[in-house]
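Enquirer: Quick one, fold the following:
(one chain, ligands or ions: 1)
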Amino acid sequence: MELLSSDEAGMRAALEQARAAAAAGEVPVGAVVVKDGAIIGRGRNAPVASSDPTAHAEIAALRDAARHLRNYRLDGCTLYVTLEPCAMCSGAALHARIARVVYGAAEPKTGAAGSVLDLFAEPRLNHHTQIVRGVLAQECSALLAGFFQQRRRQNQAAARAAHPLRDDALRTPEAAFAQLPGAAWAPHYASDWPSLQGLRLHYLDEGPRDAPLTWLCLHGAAGWSYMYRQMLPVFLAAGQRVLVPDLIGFGRSDKPKKPAFHTLEVHRRILLDLLERADAQRCVIVFDASAGALALPLALAAPQRIAGAVLLELPPAAGAEAAALAAPFPDAGHRAALRAFAQPAPTDQQEQALQQASRDFWQAGAQAARLLRLRADAAEPGPGTALQAVEYFA
Ligand SMILES: [Zn+2]
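Expert: Predicted coordinates:
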């Protein structure tokens, strides 16, 4: 049997286990237990395959070693693990009376050996386990980073396959959004509604479906769904639902190359489809003034779903805000919708009549639908603006 002469050698054996975990599609964490220079237990992360939340590498390695020694106490043993152990695994190592725990990469979110908390430094729990940190840390964390990067790529490829891109449209690469802070909501995509004509619509849908109120947040000519990121938490904290689409041509939605695509009617039909498919009830439409012609007539087509509207008067974006709002439009080809929205096509008679009917509807406060005007504090309106809206419609 090969004897391990150093902590690095022990960690290399743990890394081998981590690679095996990655090959099996699990998050690559590996562990070995070493006694007197010999490996007596091996384990790899396997919670997905085994449907077992406790199937961490350390637990598997400890079990393997205990079987080998026919003893639940692993006196004099060293546990090598590629990632800082969590609270469960740290506890297991303490129960096993492991002499030393040697780990590679720190785990800032769940690490219980110094990062989030340090169970080993708690004198009421631990008298005998020594901790060694950061052995081959770079190699261990590179393995994890590579795994997650590959998984992101696979997810993106799967998303592309599910919603193929039309020849006459563009799709902003995900990398364009990578640097934006604080956009943690799960994307929703649709491309099979007739109104979408095969284009991919991106939207956020958060909060309970049976919420007492749904905020339909519509960006205007100079924005995309991201502009609402500071209002969403306020709506959600109030127990309400939010629907935030990127209009076709904006944000993460597909961008037809021809500006002629963009008519009010086409966009309205898509929004009505969204309301229907999401089964949105008691909606309050929040919209930027430049989206008024699009937003307000929705109430005529779906009066049973609309409870009100909030017109936001936004200051122009500057600095980091302006850069974030421009992120989905890396070049002129992606900006067809911006050009189309900046110069709305002359409206025909039918559209003019609709706009007049819409004005009458909102002026009359028909069906108790109320319109609130708010002067927003920033081009990405903040929590204060959202709170005013919540209080008004309470
Ligand atoms: Zn663990």
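Enquirer: what's in contact with stretch 135-152?
Expert: With contacts defined as Cβ atoms under 8 Å, 6 or more residues apart in numbering, stretch 135-152 is touched by 7-8, 10-12, 15, 18-19, 22, 27-29, 80, 82-83, 102-106. In short, each C-beta sits where N, CA and C put it, glycine included.
Enquirer: Please check these and keep the buried ones.
Expert: Among the contacts of stretch 135-152, those scoring as buried are 7, 10-12, 15, 18, 22, 27-29, 80, 82-83, 102-106 (criterion: 16 or more other Cβ atoms under 10 Å).
Enquirer: so of the residues you listed, which ones are in helices?
Expert: 7, 10-12, 15, 18, 22 (DSSP state H).
Enquirer: Quick check, the residue in the stretch 201-350 of the chain closest to the ion?
Expert: residue 206 (29.9 Å; Cβ to the ion).
Enquirer: For that residue, list the residues it contacts.
Expert: Contact partners of residue 206, counting by Cβ under 8 Å, 6+ apart, are 185, 232, 236, 241-242.
Enquirer: Select from those the one having the most neighbours.
Expert: Within these, neighbour counts (other Cβ atoms under 10 Å) peak at residue 242, which reaches 27 neighbours.
Enquirer: What residues are bridge-paired with that one?
Expert: residue 206, residue 215 (DSSP bridges).
Enquirer: Relative to residue 375, how far out is it?
Expert: Counting by Cβ to Cβ, to the nearest Å, the separation of residue 242 from residue 375 is 21 Å.
Enquirer: now residue 44
Expert: Distance check for residue 44 against residue 375: by Cβ to Cβ, it reads 57 Å.
Enquirer: Domain parsing of this structure, as residue ranges.
Expert: 7-144, 166-391 (the TED database).
Enquirer: per-stretch mean pLDDT over these, give me the minimum one.
Expert: Across the domains of the chain, the stretch with the lowest average pLDDT is domain 166-391; it has a mean of 91.
Enquirer: Straight-line length of that one, end to end?
Expert: End-to-end span of domain 166-391 (Cα to Cα, to the nearest Å): 43 Å.
Enquirer: What of stretch 103-122?
Expert: In stretch 103-122, first residue to last residue: 18 Å (Cα to Cα).
Enquirer: Can you confirm whether it lies near the ion?
Expert: No - Stretch 103-122 does not reach the ion (Cβ under 5 Å from the ion); its nearest approach is 7.6 Å.
Enquirer: Return the set of buried residues in that stretch.
Expert: For stretch 103-122, the neighbour count (16+ other Cβ under 10 Å) marks 103-107, 111-114, 119-120 as buried.
Enquirer: who in the stretch 1-150 of the chain is up against the ion?
Expert: 56, 86, 88-89.
Enquirer: quick one: the closest residue to the ion within the stretch 101-250 of the chain and residue 27, what's the gap?
Expert: The ion sits closest to residue 110 of the stretch 101-250 of the chain, with a gap of 7.6 Å, by Cβ to the ion. Between residue 110 and residue 27 the computed distance is 12 Å (Cβ to Cβ).
Enquirer: can you check residue 383 too?
Expert: For residue 383, the distance to residue 27 - Cβ to Cβ - is 35 Å.
Enquirer: swap in residue 38?
Expert: Residue 38 is 28 Å from residue 27, by Cβ to Cβ.
Enquirer: Dihedrals phi and psi, residue 197?
Expert: Note on residue 197: its backbone torsions stand at phi 50, psi 40 [degrees, to the nearest 10].
Enquirer: tally of neighbours for it?
Expert: 15.
Enquirer: next one: the one 4 residues further on
Expert: Neighbours of residue 201 under the rule other Cβ under 10 Å: 24.
Enquirer: Likewise for residue 75?
Expert: Using other Cβ under 10 Å, residue 75 is surrounded by 12 other residues.
Enquirer: do the one 10 residues further on as well
Expert: With neighbours defined by other Cβ under 10 Å, the count for residue 85 comes to 28.
Enquirer: List the residues that contact it.
Expert: Shown in contact with residue 85 (Cβ under 8 Å, 6+ apart): 56, 58, 93, 101, 103, 111-113.
Enquirer: Inside strands: which ones of the residues you listed?
Expert: Taking DSSP state E as the definition of strands, these contribute 101, 103.
Enquirer: And the spatially closest residue to residue 97 that is not a sequence neighbour, how far from residue 63?
Expert: In space, and not counting its chain neighbours, residue 97 is closest to residue 73: 4.9 Å by Cβ to Cβ, 6 or more residues apart in numbering. Here residue 73 is placed at a distance of 13 Å from residue 63 (Cβ to Cβ).
Enquirer: neighbour-wise, which of those two wins?
Expert: residue 63 (16 against 12).
Enquirer: name the element the more buried one belongs to?
Expert: Element membership of residue 63 [criterion: DSSP states H and E] is helix 57-69.
Enquirer: Would you mind pulling up the elements that that helix packs against?
Expert: Under the contact criterion of 3 or more Cβ pairs under 8 Å, 6 or more residues apart in numbering; DSSP states H and E, helix 57-69 touches helix 7-23, strand 30-35, strand 38-44, strand 78-83, helix 87-95.
Enquirer: the inter-axis angle of that helix versus strand 78-83?
Expert: Counting by axes from the mean of the first three to the mean of the last three Cα atoms, to 10 degrees, helix 57-69 lies at 160 degrees to strand 78-83.
Enquirer: Can you list the buried residues in helix 57-69?
Expert: Judged by neighbour count (16+ other Cβ under 10 Å), helix 57-69 contains these buried residues: 57-66, 68-69.
Enquirer: The ion: which of the residues you listed is nearest?
Expert: Nearest member of the buried residues of helix 57-69 to the ion, counting by Cβ to the ion, is residue 58, at 5.5 Å.
Enquirer: Contacts only, for the nearest residue to the closest one once chain neighbours are set aside.
Expert: Nearest residue to residue 58, sequence neighbours excluded (Cβ to Cβ, 6+ apart): residue 89, at 3.8 Å. Residues in contact with residue 89 (Cβ under 8 Å, 6+ apart) are 56, 58-59, 81, 112.
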